[in-house]
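Pasted the sequence and its predicted model underneath.
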Amino acid sequence: MSETLKNSVKTMIKETFEGPPVPLKGSWFVNSEPNSGIFGAIERMSCDEASTSIHGTTLAAHTDHVRYHLWGTNEILKEGKQPQMNWGMSWEIHSVDEKQWNTIQEGLRKEYLTLLEAIDAIKWNELLANEVLSSLAHSAYHLGAIRQMLKVVKV
């Protein structure tokens, strides 16, 4: 993968999770205010808000699902093959206490940082490029879902 394309992919992933760069220079697809990525959305959320059921799922489940997906992506980048995954299990979180909520958030941040490091280190091929780009799209989708769910929770 060219250096330019690799840097663009990292920019989009960073915007998905961190929001636009500070100082603000605009954004590519998230709101242009600081902390408008996944991390900014979830760090302002209490464990009670993260546990609120909205149409059968919780913000904690969405957040952990993104973490789980990133873990799977990171395993593919490291091992070159899909790990055994139980996608249904990634949605089973219905309630979290403060410690569990912090653990989910820390796990997500760890997998995100691991992904950024892997992007710089891997030997690119079409499979790995598709995996990273699908992870970007998947995470951006869940950012939108999380932001919509927050509108219900923060009423």
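Received the coordinates, thanks.

surely residue 150 meets residue 59?
Yes: using CB atoms under 8 Å, residue 150 is in contact with residue 59, at 7.2 Å. Every C-beta, even on glycine, is put in place using the N, C-alpha and C of the backbone.

where are the low-confidence patches of this protein?
For the chain, the stretches flagged by pLDDT under 70 are 1, 23-24, 26-32, 34, 155.

Pull the number of nearby residues for residue 95.
Per other CB atoms under 10 Å, the neighbour tally for residue 95 reads 15.

and it, backbone torsions?
With angles defined as degrees, to the nearest 10, residue 95 sits at phi -150, psi 140.

quick one on the thing from earlier: the more surrounded of residue 150 and residue 59?
residue 59 (27 against 18).

How much space separates that one from residue 42?
According to CB to CB, to the nearest Å, residue 59 stands 7 Å off from residue 42.

shared neighbours, those two?
50, 146 (CB atoms under 8 Å, 6 or more residues apart in numbering).

any idea how far the closest residue to residue 59 other than its chain neighbours lies from residue 57?
Once flanking residues are discounted, residue 59 sits nearest to residue 50: 4.6 Å by CB to CB, 6 or more residues apart in numbering. In this view, residue 50 and residue 57 are 11 Å apart by CB to CB.
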